[in-house]
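Turn this into a structure:
(one chain, ligands or ions: 1)
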Amino acid sequence: MPEIIFIGHDGVEHVVEADLDTSLMKAAVNKMVPGVDGDCGGACACATCHVYVDPAWTERTGGPDAAEKEMLEFVSDPADNSRLACQITITAELHGLTVRLPRQQG
Ligand code: FES
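Numbers count the residues shown, from 1 in each chain. Predicted coordinates for the structure are as follows:
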């Protein structure tokens, strides 16, 4: 299973093993990573799963589609590497993926 590294705004790292084909949001919620809520269940409608993808990984995760971009307009402190974790699907090539969590979700 791919390992994913979530880094909280306080610098604390949470390394979780994620099932293939699940979403990054579910991988975090299943392991109770603080700062990823996923209130809408992954429907791209709440933005409580906002993460910053480490720049070394943005090519492999790809960018947001139109609906996700629209939702990202509602997050605090958006950045070029902002993504909604529910819209990223875990694949084998994402082993080692590193994302940071916004201060507001701490
Ligand atoms: Fe609601 Fe990602 S879980 S937008």
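
can you tell me which residues contact the spatially most central residue of the chain?
Centroid check for the chain by Cα atoms, centre = their mean gives residue 85 as the closest residue, at 3.0 Å. Contacts here follow Cβ atoms under 8 Å, 6 or more residues apart in numbering; on that basis residue 85 touches 23, 24, 25, 27, 28, 36, 38, 49, 50, 51, 99. All C-beta atoms are positioned from the backbone trio N, CA, C, and that covers glycine.

Then residue 6?
So residue 6 contacts 13, 14, 15, 16, 28, 33, 35, 36, 51, 99, 100, 101 (Cβ under 8 Å, 6+ apart).

Likewise for residue 21?
89, 90, 91 are the contacts of residue 21 under Cβ under 8 Å, 6+ apart.

Could you dump these into TSV and include secondary structure?
Listed next are the contacts of residue 21 as TSV, based on DSSP: H, G, I helix; E, B strand; the rest coil:
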residue	secondary structure
89	strand
90	coil
91	coil
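
out of the residues you listed, which are buried?
residue 90 (16 or more other Cβ atoms under 10 Å).

From the contacts of residue 21, pick the one nearest residue 60.
residue 91 (8.4 Å; Cβ to Cβ).

for the closest one, what are its contacts?
2, 20, 21.

switch to 10 Å and redo it
Taking Cβ atoms under 10 Å, 6 or more residues apart in numbering, we find residue 91 in contact with 2, 18, 20, 21, 60, 61, 97.
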